[in-house]
Structures are given as structure tokens and as C-alpha cells.
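[1] how would this look folded up:
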Amino acid sequence: MPVRLFVGNLPFGATEADLRNHFSALAPPVSILMPVNRETGRPRGFAFVDFADRGLAEEAIRRFNGQTFQGRPLAVSEARAREDRPPGGFAPRPPVERHGPPRFGEPPGAPLPPRDRGFGRGEVGRGKAPARRQAKAESGGPKGPIRERHTGRVFDVDDLEAKDEPIEFEDFATRAKDPFAPPDGEEE
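    Numbers count the residues shown, from 1 in each chain. Next comes the predicted model:
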């Protein structure tokens, strides 16, 4: 049964023929797969190399891992199946280290408390907001009428209609024949 190796840190200009020639120094590989970017069609910087025998694959890992290939050190390891990898293809992040002095009453080196970033994943947060949100969600909706906000302005329709005197405004369409002339009663 063939053993698949992951070869990382490949130069983007490397071809399948170059890779086959490089690994043939140990033994000819059964197959080589170089994934390409879907949008651009350019190589993605890694490849999968299959060897027929496990012993040859382990020897290839020992011999070619860290070896320079077209100016870049290769990262060669046994390929893992998709279900063996963590989600997203990345290893879990290490815990965050606290910088600066400890808070009052905390022993030195105490871990950071968990944070709620507002995405609904935890009950830890600022004040009582998560408990209020949960209570509001369980209650089924708002209670009572919507509150009216008073801004200090008070308008009444009757006040506008009560004025019988005409509103004076400047009619500049009929004011003067020269549009740049000053209004009546002003001097230049």
C-alpha cells in the first residue's frame, strides 16, 4: 500500500518534474500531486508525494526534511487524513499569556478569565447583560408600551394655524433685475 508524504514550503516556480527528479535520488515516487489555486491556477506551495513502500517513505522524510530545494528548505512529513486534522486545518492556539502586573488579589501567573465577545457563546461578560438578554429571550417579547422619548421640543398643529398674519420672506425672483444687487435698504 502506498504511503503519502506531505511536502511543504515549495517554491511557487517548482514543477512536478522538478519534484520527481529531486525525490528520485532515493527512489522513484509512485505519484506526485501538486494542488493549484482555483482562481489563479498557480501552485499553492505544497505537494503530495506517494512512495510504494513505508520504509522508502520514512527514509525520504529523514533525508529530505529540512533539505534545501530551489533555495527553500522543504518540510516533509507523512500526510494525515482530513478527519485527523483539526477544523480549519490549523493546530489549536496556545493559551494567551498575561502581560503586565497581576490584578489586585490575583496570584502571579494566574490565567486570564474567559471573555464573552458578544457572539452568544458564554455567560461571562460585562455586568448583567447576558442574563438580561437570556431573560428577555425567554419572556417571549417586550412588556408594556414603547417608551416615549422627550427631547425638549414641543410642537402643536394648532399653533401653526392660529397665525393669521402673513409670513414675511424675501422673494428674490422678483426683487431686482440685477441678481447681484444688494437687498433694498442696504448700501454697498
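
[2] can we go C-alpha only for contacts and neighbour counts from here?
    Noted.

[3] now the helices: where do they sit in this protein?
    Under the criterion DSSP state H, helices of the chain are mapped to 16-23, 54-64, 129-139, 157-162.

[4] pLDDT on the third one, on average?
    Within the predicted structure, the mean pLDDT of helix 129-139 is 63.

[5] repeat for the first one
    Helix 16-23 carries an average pLDDT of 93.

[6] per-residue confidence at Asp171?
    The predicted local confidence for Asp171 comes out at a pLDDT of 71.

[7] Now tell me which helix or strand of the protein has the poorest mean pLDDT.
    Least confident helix or strand, the chain: helix 157-162 with a mean of 59, by mean pLDDT, DSSP states H and E.

[8] Residues in contact with stretch 39-53: which ones?
    Contacts of stretch 39-53 with the rest of the structure, by Cα atoms under 8 Å, 6 or more residues apart in numbering, involve 1-13, 28-37, 57, 79.

[9] what mean pLDDT would you report for that stretch?
    Per-residue pLDDT over stretch 39-53 has a mean of 91.

[10] Numbering from 28 from now on, please.
    In the new count, where the first residue is 28, that last one comes out as stretch 66-80.

[11] What residues sit buried inside it?
    Of the residues in stretch 66-80, those buried by neighbour count under the rule 16 or more other Cα atoms under 10 Å are 70-79.

[12] ok, those vs Arg99, which is closest?
    Top of the list for closeness to Arg99, among the buried residues of stretch 66-80 and by Cα to Cα, is Gly72 at 11.0 Å.

[13] how about the residue lying closest to that closest one once chain neighbours are set aside, what does it touch?
    If you skip the residues right next to it in sequence, Gly72 has Leu37 as its closest partner in space, 4.8 Å away by Cα to Cα, 6 or more residues apart in numbering. Taking Cα under 8 Å, 6+ apart, we find Leu37 in contact with 72-74, 96, 99, 101.
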